[in-house]
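Undergrad: For reference, the sequence and a predicted model appear below.
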Amino acid sequence: MKYKLIIQRQKSKTDKPYIQSFFVEADTDNTTVAAVLSMLNSQDELYDSEGKRCDKIRWECSCLQKKCGACAMVINGRPCLACDARLINLGSEITIQPLKKFPVIADLMIDRGILYENLKEINAWLTDEAYADEKRNDILYEASRCLQCGCCLEICPNFYTEGDFFGMAAMVPSARILDELNDKKKTALKKEYSKHIYNGCGKSLACRDICPAGINIEKLLVNSNTIAVWKSLFLRNK
Amino acid sequence: MNKINIIGAGLAGISAAITLAEKNYECRLISAASSERAQSVMAEGGINAALDTMGENDDPIQHFQDTMKGGVYLADPNAVYELCINAPDIVKHLCSIGAALRIKDKQPILRNFGGQKKKRTAYAKSSTGKILMSALIDEARKYEVSGLIQRYPHHELCSLHIDNGICRGISIIDIYTNAAIDLDGQTILCTGGMNSLFSGMTTGTTINTGDVTAEAFYKGAELANLEFIQYHPTTISIPQKRCLISEAARGEGGRLFTVINNKRSYFMEEKYPELGNLMPRDVVSREIAKAKQLKNGCGRVYLDMTVIDEESWKNKLSDLRDECIDFLNTDPMKEPVEVSPGIHYFMGGINVDKKHRTNIKGLYAAGECACQYHGANRLGGNSMLGALYGGKKAAESAAELINEGCFAITDKIQNTCSSYINDQDYTIDKHTAEILKNALGIFRNEKKLSSAYDTLSNLCERRTLSERHKKRLVLARAMLLSALNRRESRGSHTREDYPEKNDEKFLKTSIASLNGNNIEITLRDIPEMRGNANEV
């Protein structure tokens, strides 16, 4: 089947974005956006839908099987992983844009550095030895699965790059730390958690359905809010 | 005091960085993409350590013996001994930093894995690599904030500065801006396997190209055992690559079969009654390849996971099930999945001693880019262990020379980096992959290997080749020459024309080195067992 990819492109950080289209053929039902982007780039010369020769499309990928989050982009208006977006589900004309909440480096390649800066800011690390408890195994496992792809932030009505709210990309990893950290050592993280996650989250939970890893965000959020906020307010002396 | 450069931020790189930071030494953690994109996050089944939490009287000596036997005695026994003795502490340390391994009574639960009779593999469903990486990334972050670990994300190595046998420093390029930087200091390479030589045919990532291995070879580092490539027995085809069905599926009871005259034949169980489906990977892959060619057979091999109980699916393999449903539209709880062997791991790579030093002073290698621990065939569960331990050892070795003044670049040659910009050549990569696949499959022979070598040599003559691709082709030719030179069958290297193992001539490490334009292959004795290892 023949598809038209309508791609938002940008030569460099400082250039203006423009739209360029490409025709691609997909031979199987499994063909993904990642596969056709690779296919376009693997041609000796790349021509757009009007037959004009153009530069190769810059985008990021690594594992190509939903485990690394590198290839997150906006496809038909929805943030997702290109390796998980099957053409057959997307219609004959497919729009592809970079995630809009991060600075564009070139074409579909974006700088997600802010994700890591936010995790530093929020003190997302253990300061003491973890105490292994099998009852909490499931929470720790779930909180360890975040791909740092940025899809949840793209869809979030409350997140913007310079804002105080860090979103679920910071909540999920800190859920592991909050759950593991010894009570006395939690103070710094609890304070930062309240400031950068609890206070800013409008609970629209748009992130819940968009997470490509299918992380149970709600469960982690409730657990972390309990530890960081509610227990401190109501169970202070227990 | 010089900072130490670490290239690659997967398990080996991050382990090296944390080891240095714990000693209060500064390092730069340089990687083409963030740690979340490293191939380590794809590791599924688990990590081996003889913790003996399952009441089977396991101990590190048995782990050592299984690893040596699985690698058909081609690994340095002293290094393997140290690895296995230290494995329990490594896994305990992972628990102490909150890695979400499956536990019971505060101890990791262990499962069966190939080539090992005892339950020895700690795990987190089939996402063990991701879970370990998450804990280690958080641990590293602590030192990033204190300044001991300085991250260089989106940077690629383009040049190692080596003169008089000493690595003085490196040149790297910022993928975002194309700006080049020269950095003094000892350098630890943790850059993974050589996937770009088999583009689209491996289970690994696209960013583990092997280009750093090629650059190291070009600049005088010895490579070892390049002919040993692990074909994982159970992979499936997905767009652009092979996708792994974890060995854990067989560890939990999955059975391989083919159909002969309309009847299922469980060929592994029939031929190998003791370990059955859990024989080492080289053996299983060979048997699958043979089963596909059986007369009266259906030409296909299936993995029957319907026999695995519901509890195991829920607690141990739920992610694997999701993957099958997602990519194959098949529920493995209900029907068997067709599988084929696929390239999964390179046992060979940059030659290192047991302290992870290369033949170049100030240059180290760890993880899959290094050749250590796995001999002619790696056991499942030993790769993450080897990466973590190797990274630690490399860091400790670099720390020993931290005060030496010789690690500074004298000739600023960063302009060589410009040749690394926009130099992708997919046509050459595809061509190379086809040639190598044909020659370096599960079954090899002189005719196929020689012909591939000649074709690649002709390809090298092309004037239009970029620096990157020139080096890749040299690496590919070294791999073919190593395979040609080993006129025996051992582990993952099966020669149709030399089907027997020949210890007298070939119980040795293949060493590839570059002398001018000539690739030289020699055989080197395996170190003798010393100290405690000798008493095993």
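TA: Nice, I can see it.
Undergrad: which parts of the stretch 101-250 of chain B sit against chain A?
TA: Within the stretch 101-250 of chain B, the residues that sit near chain A (C-beta under 8 Å from any C-beta of the partner chain) are B:102-106, B:124-125, B:127, B:130-131, B:134-135, B:138-139, B:141-142, B:144-145, B:151, B:153-154, B:176, B:205-207, B:238-241, B:243. No exception for glycine: its C-beta is placed from N, CA and C like everyone else's.
Undergrad: Just the buried residues of these.
TA: The neighbour-count test (16 or more other C-beta atoms under 10 Å in any protein chain shown) marks B:102-103, B:124-125, B:127, B:130-131, B:134-135, B:138-139, B:141-142, B:144, B:151, B:153-154, B:176, B:205-207, B:238-241, B:243 as buried among these.
Undergrad: Please point out which parts of stretch A:134-153 sit buried.
TA: Across stretch A:134-153, burial judged by 16+ other C-beta under 10 Å covers A:136-137, A:139-153.
Undergrad: Tell me if it is near chain B.
TA: Yes. Stretch A:134-153 reaches chain B (C-beta under 8 Å from any C-beta) through A:134, A:137, A:140-141, A:143-148.
Undergrad: For these, name the two members farthest from one another.
TA: Using C-beta to C-beta, these span at most 27.0 Å, a distance reached by A:134 and A:148.
Undergrad: which helix is the longest one in chain A?
TA: helix A:168-180 (DSSP state H).
Undergrad: what sits up against the next helix or strand after it?
TA: Sequence order places helix A:187-193 as the next helix or strand after helix A:168-180, per DSSP states H and E. Identification of contacts with helix A:187-193 by C-beta atoms under 8 Å, 6 or more residues apart in numbering or on different chains yields A:121-124, A:171, A:174, A:177-178, A:181, A:224, A:227-229, A:232.
Undergrad: change it to 7 Å
TA: A:121-123, A:174, A:177-178, A:181, A:224, A:228, A:232 (C-beta atoms under 7 Å, 6 or more residues apart in numbering or on different chains).
Undergrad: With stretch A:70-81 instead?
TA: Contacts with stretch A:70-81, where a contact means C-beta under 7 Å, 6+ apart, come from A:33-34, A:59-62, A:66, A:69, A:82-83, A:85, A:90, A:94-100, A:108, A:149-151, A:154-155, A:210, A:212, B:33, B:37.
Undergrad: The residue sitting nearest the centre point of chain B: what's it in contact with?
TA: Centroid-nearest residue in chain B: residue B:368, 3.3 Å away (criterion: C-alpha atoms, centre = their mean). Residues in contact with residue B:368 (C-beta under 7 Å, 6+ apart) are B:192-193, B:345-346, B:349, B:383.
Undergrad: If we only consider the residues you listed, which is nearest to chain A?
TA: Nearest to chain A out of the contacts of residue B:368 is residue B:192 (C-beta to the nearest C-beta; 10.8 Å).
Undergrad: Excluding covalently adjacent residues, which one is nearest to the closest one?
TA: residue B:208 (3.4 Å; C-beta to C-beta, 6 or more residues apart in numbering or on different chains).
Undergrad: Around that neighbour, how many other residues sit close by?
TA: Residues lying near residue B:208 (other C-beta atoms under 10 Å in any protein chain shown) number 27.
Undergrad: Dump the contacts of helix A:187-193 into a markdown table; add distance to chain B as well.
TA: Conversion of the contacts of helix A:187-193 to a markdown table gives the following (distance: C-beta to the nearest C-beta, whole Å):
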| residue | distance to chain B |
| --- | --- |
| A:121 | 9 |
| A:122 | 10 |
| A:123 | 8 |
| A:174 | 9 |
| A:177 | 7 |
| A:178 | 11 |
| A:181 | 9 |
| A:224 | 15 |
| A:228 | 17 |
| A:232 | 21 |
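Undergrad: Name the member of those with the most neighbours.
TA: Tallying neighbours with other C-beta under 10 Å puts residue A:174 at the head of the contacts of helix A:187-193, with 29 neighbours.
Undergrad: Tell me which residues touch that one, please.
TA: Contacts of residue A:174 (C-beta under 7 Å, 6+ apart): A:122, A:124, A:189, A:193, A:224.
Undergrad: Beta-bridge partners for residue A:74, please?
TA: residue A:79, residue A:97 (DSSP bridges).
Undergrad: what does the lowest-mean-pLDDT helix or strand in chain A rub up against?
TA: Across the helices and strands of chain A, mean confidence by mean pLDDT, DSSP states H and E is lowest for helix A:231-234: a mean of 71. With contacts defined as C-beta under 7 Å, 6+ apart, helix A:231-234 is touched by residue A:190.
Undergrad: Now that helix - C-alpha only, CSV.
TA: Written as CSV, here are the backbone C-alpha positions of helix A:231-234 (Å, rounded to 0.1, in the frame of the first residue of the first chain):
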residue,chain,number,x,y,z
LYS,A,231,1.4,10.8,55.3
SER,A,232,3.3,13.9,56.3
LEU,A,233,0.1,15.9,56.9
PHE,A,234,-1.9,13.3,58.7
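Undergrad: re the thing from before, now which of the contacts of stretch A:70-81 would you call buried?
TA: Using 16+ other C-beta under 10 Å as the burial test, the contacts of stretch A:70-81 include A:33-34, A:59-62, A:66, A:69, A:82-83, A:85, A:90, A:94-99, A:108, A:149-151, A:154-155, A:210, A:212, B:33, B:37 as buried.
Undergrad: Select from those residues every entry located in strands.
TA: Taking DSSP state E as the definition of strands, these contribute A:94-97.
Undergrad: Pick the one among those closest to residue B:481.
TA: Of all those, residue B:481 sits closest to residue A:96, with 43.6 Å by C-beta to C-beta.
Undergrad: circling back to that earlier point, Throw the contacts of residue B:368 into JSON lines and include pLDDT, neighbour count and secondary structure, thanks.
TA: Formatted as JSON lines, these follow (pLDDT from 0 to 100; neighbours: other C-beta atoms under 10 Å in any protein chain shown; DSSP: H, G, I helix; E, B strand; the rest coil):
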{"residue": "B:192", "pLDDT": "98", "neighbour count": "29", "secondary structure": "coil"}
{"residue": "B:193", "pLDDT": "98", "neighbour count": "29", "secondary structure": "coil"}
{"residue": "B:345", "pLDDT": "98", "neighbour count": "23", "secondary structure": "strand"}
{"residue": "B:346", "pLDDT": "98", "neighbour count": "30", "secondary structure": "strand"}
{"residue": "B:349", "pLDDT": "98", "neighbour count": "30", "secondary structure": "strand"}
{"residue": "B:383", "pLDDT": "98", "neighbour count": "27", "secondary structure": "helix"}
